[in-house]
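>>> Give me a model of this one.
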Amino acid sequence: MEKIVSINNDVKMPGTGSCLSRRSFISSCGSCAACAALAPFALIDTPPPVVTKKEKMKIKVIYSLHSIVQKQPDWPNMDFDFGPPMARFNSALQKNFREISFIPVTATGAPEAEKIVEADRVDPVDGYIVFQMNCWNQVVQTVAKTGKPVLLSLIHISEPTRPY
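Numbering: from 1, shown residues only. The predicted structure is shown next:
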């Protein structure tokens, strides 16, 4: 079935009349994954295994950008301060995923990303979220080489201000 993607990233399936936003889709995927993970336990008479307390999952959040305050002509504009949007993202992650420890850092290119990856060999993390804020500077490519899970967000700075 053909899908049509509109400018606001809603996905419409022809003939169904349904419209699914990216956020709804991701939420649905998370719910499905949780149900699928528990399905084997629904089929057997024995209780699920006892879960021992383990450390919080650690996710490194890498903001890929030239600098927190934009000091050169680039998107979105000169002197733009990425600090407030980054603080909002960090706050939202901590608030909504309390069982995960998020470690925010910045990287301007591959050399800084390599230093982050090297530090993570000493104090391992479970995965990465890379916010590609305003430049294609080989950060996500460097992190992806670790073989750990990487979520890439091609963020538009107006995203946090949209009313959805």
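>>> Every contact and neighbour count from this point should use C-alpha atoms.
Will do.
>>> Who are the contact partners of F80?
If you count contacts by C-alpha atoms under 8 Å, 6 or more residues apart in numbering, F80 has them with V69, Q70, K71.
>>> Could you tell me how many residues sit around the first one?
Same thing as V69. Number of residues near V69 (other C-alpha atoms under 10 Å) recorded here: 14.
>>> for I62, which residues make a bridge with it?
Beta-bridge pairing for I62 (DSSP bridges): V105, V130.
>>> and the gap between it and E99?
19 Å (C-alpha to C-alpha, to the nearest Å).
>>> neighbour-wise, which of those two wins?
Ranked by neighbour count (other C-alpha under 10 Å), I62 and E99 place I62 first, with 25 against 12.
>>> correct me, but the more buried one touches M133?
No: with contact defined as C-alpha atoms under 8 Å, I62 does not reach M133; the gap is 9.9 Å.
>>> can I see the domain layout of the protein?
Domain segmentation of the chain under automatic domain parsing yields 4-42, 57-161.
>>> By mean pLDDT, show me the worst of these.
When the domains of the chain are compared on mean pLDDT, domain 4-42 scores lowest, with a mean of 47.
>>> all strands for the protein, in order.
Taking DSSP state E as the test, the strands found in the chain are 4-5, 11-12, 19-20, 57-64, 100-107, 127-132, 150-153.
>>> Quick one: closest of the ones you listed to N90.
Nearest to N90, of all the strands of the chain, is strand 100-107, at 7.3 Å by C-alpha to C-alpha.
>>> In that closest one, which residues are buried?
S101, F102, P104, T106, A107 (16 or more other C-alpha atoms under 10 Å).
>>> who touches that strand?
56-66, 90, 93-94, 113, 139.
>>> Out of the contacts of F80, name the ones that lie in helices.
Of the positions in the contacts of F80, not one sits in helices, assigned by DSSP state H.
>>> for these, which one is nearest D79?
In terms of C-alpha to C-alpha, no member of those lies closer to D79 than Q70, at 4.6 Å.
>>> one step back: looking at the contacts of F80, which is nearest D126?
V69 (29.1 Å).
>>> Could you find the closest non-adjacent residue to that closest one?
D81 (4.3 Å; C-alpha to C-alpha, 6 or more residues apart in numbering).
>>> For that neighbour, grab the count of nearby residues.
15.
>>> next one: P73
Neighbours of P73 (other C-alpha under 10 Å): 10.
>>> what's it sitting at in phi/psi?
Recorded main-chain torsions at P73 are phi -70, psi 110, according to degrees, to the nearest 10.
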